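1. turn this into a model:
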Amino acid sequence: MASYLVIQADVTDWERFKAYTSQVPALVRAYGGEYIAMDNQHDVLEGDYKPGSVVISRWPDEATIRAFWQSDSYQQLIALRDGTGHFHVMLVHGLNGNSK
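-> Residues are numbered from 1 along each chain as shown. Below you'll find the predicted structure:
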C-alpha cells in the first residue's frame with residue numbers, strides 16, 4: 001500500500017538549504033520515492049497556519065519510507081538541512097482500496 005511523506009517547511013536560509021535540495025531527489029528516486037507535489041504558493045482553505053513550502057512524495061510502502069529515512073545516506077544529507085529552517089515531516093498511510 002502506498003505511503004506518503006508530507007513535509008511542511010519554513011526555510012530561513014535558502015543558500016545553505018540548496019546543498020540539501022541538490023542531493024535529496026536522487027536518493028528519493030533510488031529508494032523508489034516520487035515527488036507528486038511541491039508548492040510554496042498554496043492556498044490555505046481553513047486554519048491560520050501557512051508553511052512556506054509543502055512537499056509531498058509517494059512511496060511504495062511505509063517500510064520503504066523508514067528505510068530511506070533511517071539510511072546512512074539520508075542521515076548525512078539531513079545534517080545539511082540543520083539550521084536552515086523549521087520542518088514538519090509526516091508519514092501518511094495511503095488507503096488500501098478496501099476502506100469504507
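2. now do Gly85 against Arg16, distance only.
-> Using Cβ to Cβ, to the nearest Å, Gly85 is found at 9 Å from Arg16. Bear in mind the C-beta positions are built from the backbone N, C-alpha and C, glycine included.
3. just Met38 next, same as before
-> From Met38 to Arg16 the distance is 19 Å (Cβ to Cβ).
4. could you do Asp82 as well?
-> 9 Å.
5. higher neighbour count, the two?
-> Arg16 (15 against 10; other Cβ atoms under 10 Å).
6. now the helix or strand where that one lies, how far from the centre of its chain.
-> Arg16 belongs to helix 14-21 when assigned by DSSP states H and E. Helix 14-21 sits 15 Å away from the centroid of its parent chain (Cα atoms, centre = their mean, to the nearest Å).
7. quick one: distance of stretch 23-42 to the chain centre.
-> Distance, centroid of stretch 23-42 to centroid of chain: 7 Å (Cα atoms, centre = their mean).
8. what's next to that stretch, contact-wise?
-> Stretch 23-42 is contacted by residues 4-5, 50, 52-60, 64-65, 67-68, 71, 73-74, 77, 80 when judged by Cβ atoms under 8 Å, 6 or more residues apart in numbering.
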